[in-house]
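# Got a sequence here, can you build the structure:
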Amino acid sequence: MVNIIVTAFIWIAVIINAFLWRTASSHVTFWALLSIAVSLTIKLDPIYLRIDSLIGSVNYATLISDLILLAGIFTLANGFTRAISGVTATPAWVVALGIAVGLFLVLLFFSLRPLPSTTTFNITYRAQPIATIYTCLLFSIIATIFSGIAFICIREIGSLQSPIARVSATLIIFGCIAAVAMSASTYFMNFGALYGMVGAAKFGFVLYAISRPLTVILLAAGMALPLTATWVKHAREDRAFSISINQLRAAHQRTGQELPSHGTPRARLYEIVVDVHDGIVRHGETVILANTPRTALDRAEKLLDGENSS
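Numbers count the residues shown, from 1 in each chain. Below you'll find the model as predicted:
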């Protein structure tokens with residue numbers, strides 16, 4: 001049940017990013033979150049067993065899920081790096097490193113002796129040391145990347161002006177810390193199972209059970225928050241523009257111009273204000289603003305200047 005809730009949470013973040021993205025960085029976040037969401041979905045027990053049964057029933061679904069996860073994490077790291085450095089293109093070394101790590105994981109996986117489908121990969125394959133190397137390599141990459149992202153956020157958080165941006169960065173930092181803890185837990189589980197250290201394996205399992213959902217929830221919330229806050233802000237602004245349009249509707253009719261019906265609320269309000277001012281010049285304020293308070297026009301101008309006041 002926890003896995004389903006965690007997966008649903010990140011899908012919510014994916015949907016938010018899909019509908020609200022406005023910048024290139026939002027696109028990167030969307031593709032990263034989508035990859036991670038697909039990877040987590042594949043790992044849900046019923047879905048995993050169904051997919052794996054279609055491709056040989058020898059845990060190929062584990063490899064597919066891990067490669068998709070790796071792609072998502074590299075995409076996320078690339079997005080953060082580009083945002084900080086101001087570079088628009090993905091550096092070639094990032095692509096090369098991602099491909100090299102992916103190929104090495106494939107090599108390790110196919111070096112394993114195939115076993116029937118299992119939703120407990122680490123336990124089922126614990127007798128094969130290569131499985132431990134495979135898992136530890138994957139989570140070492142995860143820990144390294146999220147450590148870098150945390151470092152970037154800590155370095156930049158002081159320069160962020162928006163409280164929402166600071167909260168978002170804080171959530172991402174704690175999400176990265178949880179990701180590092182999750183990665184560390186896999187070492188305890190894998191080496192504990194490999195060498196028969198039951199206490200270490202149990203500790204790793206408990207740490208993993210806590211850190212994994214925290215990682216997903218904190219990171220998803222941190223990445224969805226700025227877009228959600230921006231959408232709420234724009235929705236409030238559009239509502240304020242619409243109110244001003246209604247308040248100036250009568251004055252605009254007296255100008256003899258057709259009321260704008262196309263474009264954003266801001267663009268429509270701008271046209272109305274221009275027409276009203278032109279009407280005042282031509283016919284006088286008392287004629288155009290009859291039964292319309294002057295404050296309505298002043299408020300509309302402030303809205304257009306970005307001085308939104310309630």
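
# Let me see the ranges of the strands in this protein.
Counting by DSSP state E, one finds no strands in the chain.

# where does it have low pLDDT?
Scanning the chain for pLDDT under 70 picks out 21-26, 83-89, 307-310.

# Outline the domain layout of the protein.
2-231, 248-304 (automatic domain parsing).

# Quote the end-to-end distance of the last one.
If I follow you right, that is domain 248-304. 14 Å (Cα to Cα, to the nearest Å).

# which residue packs closest to the residue nearest the centre of the chain, ignoring adjacent ones?
By Cα atoms, centre = their mean, the chain has its centre lying nearest to Met223, at 3.7 Å. Spatial nearest neighbour of Met223, chain neighbours left out: Thr29 (5.2 Å); criterion: Cβ to Cβ, 6 or more residues apart in numbering. Heads up, the C-betas are built off the backbone N, CA and C, glycines and all.

# Could you do Ser140 as well?
That would be Ser183: by Cβ to Cβ, 6+ apart, it lies 6.8 Å from Ser140.

# In contact with the one you found, which residues?
By Cβ atoms under 8 Å, 6 or more residues apart in numbering, the contact set of Ser183 is Phe139, Ser140, Ile142, Ala143, Phe146.

# Ok, Asn122 next?
Asn122 neighbours (Cβ under 8 Å, 6+ apart): Ala131, Thr135, Thr186, Met189, Asn190, Ala193.

# same check, this time on Val2
Contacts of Val2 (Cβ under 8 Å, 6+ apart): Ala209, Pro213.

# what are the ranges of the helices in the stretch 201-310 of the chain?
Ranges of helices in the stretch 201-310 of the chain, per DSSP state H, counting those that start in this stretch, are 249-253, 265-283, 285-288, 294-304.

# Nearest to Pro114, out of these?
helix 265-283 (60.5 Å; Cβ to Cβ).

# Show residues contacting that closest one.
237-238, 241-242, 244-245, 248, 251-252, 254-257, 259-263, 287-289, 297, 300-301, 303-304.

# 7 Å instead, please
Outside helix 265-283, the residues that touch it by Cβ atoms under 7 Å, 6 or more residues apart in numbering are 238, 241-242, 244-245, 248, 251-252, 254-255, 257, 260, 288, 297, 300-301, 303-304.

# For the contacts of Ser183, pick the one with the most neighbours.
Phe146 (25 neighbours; other Cβ atoms under 10 Å).

# what's the neighbour count on Ala209?
Here the number of neighbours of Ala209 (other Cβ under 10 Å) works out to 12.

# Nearest residue to it in space, ignoring adjacent ones along the chain?
Ala209 sits nearest to Val2 (Cβ to Cβ, 6+ apart), 7.7 Å away.

# closest to Val94 out of the helices of the stretch 201-310 of the chain?
helix 265-283 (38.5 Å).
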